[in-house]
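A.B. asks: Model the following, please.
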Amino acid sequence: MNSPNKKTVCIAGASGLVGSNITRAALLKGYRVNGTLRDISDPKKVPFLTALPGGDRLTLFNADMAIENDFNKATRDVDGLFIATLIPTYQGPSGMLGKDMNDEQGYQEIIMPTVNGCLNIMRSAVANGVKKIVICSSTSSTNPIPSVSIKNEVDHWSDPNEQCRAKKYTSAAKTVMEKAAFKFAREAGVRLSVIMPTGMFGPVIIPEHMERNPHVWLKRLIGGGIGRHEQVPNDSTSMSHIHDLANLFLAAYEDPKANGRYFGVYSSWHWQDIYAEIKRILPQMQMPMPITDDPKPVTQFDFTRRDSLGASFRNIQSCLRETIEWIQANPFDEH
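C.D. replies: As a prediction, the model looks like this:
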């Protein structure tokens, strides 16, 4: 598709799971894309991005969010910015895991690199006149204490102090980052939307993403091994199809009324229902040990804001079936 009248957008973190799929979706809609990654010569990532349909409209830039002004070139002459670089970080530069850190270490080594990295990218964009920004965060920033029966994006925030007390520095980083980003956006006159996904299913673009959840444990199940759990957790999880999620990002950028936080999930299911559905798709799979108590209620969401953007989401049955069938087709065999 060649649409010369389409605008240029910058996708920070174009080689990540979310960023690569936003890149795919933007190219399919005819946008020109400035995509960033830390090494544009990386043979494990770059060829899969440039091979996307419309890849002739993709320009790649080296950029590191830890370095001030490193996104100046990539955000020049663009109409909008997507920040998908803020992947979960579970350990510090020394290799120490977050669960072994004290609060000062967690703050300095996990929380602040995420916050400062996000603000570095935003500052570059704003200096270049960008007024529309969409950030990928996580539903982990929407877990209030005490918990609520139905969560919404406006009223329900996680408490970063409580997250730190529980050694959940990775989750706290998302909460603190969002608040800092909204403060910066208000002061800079930027229309900011934040999309909050959790489990992302569907085809991946870059092979190394097959090595992460959920694809890695679904692949084990397909091969006759153990899935994500030896025993079904008495808990629920939220999920979405990565193509639907990417379209939600574009909808937030394109809708002039969009701003604030949006859930990026279809819904939540209890893990026992997820494994039961997978069993219908893979009758030969090894089932984990069942839960022994009554199942806990699943997380409920108010999707009024998400649905206002007009993006549609595949249901969980479709997410699971499409992902499993795609993995079974061995999509990267030729590489």
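A.B. asks: For the stretch 151-300 of the chain, which segments are assigned as helices?
C.D. replies: Along the stretch 151-300 of the chain, the segments classed as helices by DSSP state H, counting those that start in this stretch run 160-165, 169-188, 215-222, 242-254, 271-281.
A.B. asks: for Glu68, what are its contacts?
C.D. replies: Listed by Cβ atoms under 8 Å, 6 or more residues apart in numbering, the contact partners of Glu68 are 120, 123. C-beta: built from backbone N, CA, C; applies to glycine.
A.B. asks: What strand or helix carries it?
C.D. replies: Here Glu68, judged by DSSP states H and E, is contained in no helix and no strand.
A.B. asks: confidence score at it?
C.D. replies: In this prediction, Glu68 carries a pLDDT score of 96.
A.B. asks: And for Glu334?
C.D. replies: As predicted, Glu334 sits at a pLDDT of 55.
A.B. asks: So for stretch 110-120, what gets flagged as buried?
C.D. replies: Within stretch 110-120, the residues scored as buried using 16 or more other Cβ atoms under 10 Å are 110-111, 113-115, 117-120.
A.B. asks: quick check, nearest of those to Thr75?
C.D. replies: For these, the residue nearest Thr75 by Cβ to Cβ is Asn120; the value is 11.0 Å.
A.B. asks: and the host helix or strand of that closest one, what does it pack onto?
C.D. replies: If you go by DSSP H and E, Asn120 is part of helix 112-127. In terms of contacts (3 or more Cβ pairs under 8 Å, 6 or more residues apart in numbering; DSSP states H and E), helix 112-127 is packed against strand 80-83, strand 132-136, helix 169-188.
A.B. asks: mind putting the helices of the stretch 151-300 of the chain in a markdown table, distance to Thr323 included?
C.D. replies: Output for the helices of the stretch 151-300 of the chain, formatted as a markdown table (distance: least, Cβ to Cβ, whole Å):
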| stretch | distance to Thr323 |
| --- | --- |
| helix 160-165 | 29 |
| helix 169-188 | 24 |
| helix 215-222 | 6 |
| helix 242-254 | 9 |
| helix 271-281 | 10 |
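A.B. asks: Mind putting the helices and strands packed on helix 112-127 into CSV with distance to Glu230 and mean neighbour count?
C.D. replies: Formatted as CSV, those follow (distance: least, Cβ to Cβ, whole Å; neighbours: other Cβ atoms under 10 Å):
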stretch, distance to Glu230, mean neighbour count
strand 80-83, 36, 28
strand 132-136, 31, 26
helix 169-188, 23, 21
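A.B. asks: Of all those, which one is nearest Leu320?
C.D. replies: Nearest to Leu320, of all the helices and strands packed on helix 112-127, is strand 132-136, at 22.4 Å by Cβ to Cβ.
A.B. asks: re earlier: out of the helices and strands packed on helix 112-127, the one nearest Arg321 is which?
C.D. replies: Nearest to Arg321 among those is strand 132-136 (25.2 Å), distances taken as Cβ to Cβ.
A.B. asks: who does that closest one pair up with?
C.D. replies: In the sheet, strand 132-136 lines up against strand 80-83 (parallel), strand 191-196 (parallel) (DSSP bridges).
A.B. asks: Let me have the helices and strands packed on helix 112-127 in CSV, extended by distance to Gly54 and mean pLDDT.
C.D. replies: Formatted as CSV, the helices and strands packed on helix 112-127 follow (distance: least, Cβ to Cβ, whole Å; pLDDT from 0 to 100):
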stretch, distance to Gly54, mean pLDDT
strand 80-83, 16, 98
strand 132-136, 20, 98
helix 169-188, 29, 97
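A.B. asks: Quick check: Asp70 is in a helix.
C.D. replies: No: with DSSP: H, G, I helix; E, B strand; the rest coil as the criterion, Asp70 is located in coil rather than a helix.
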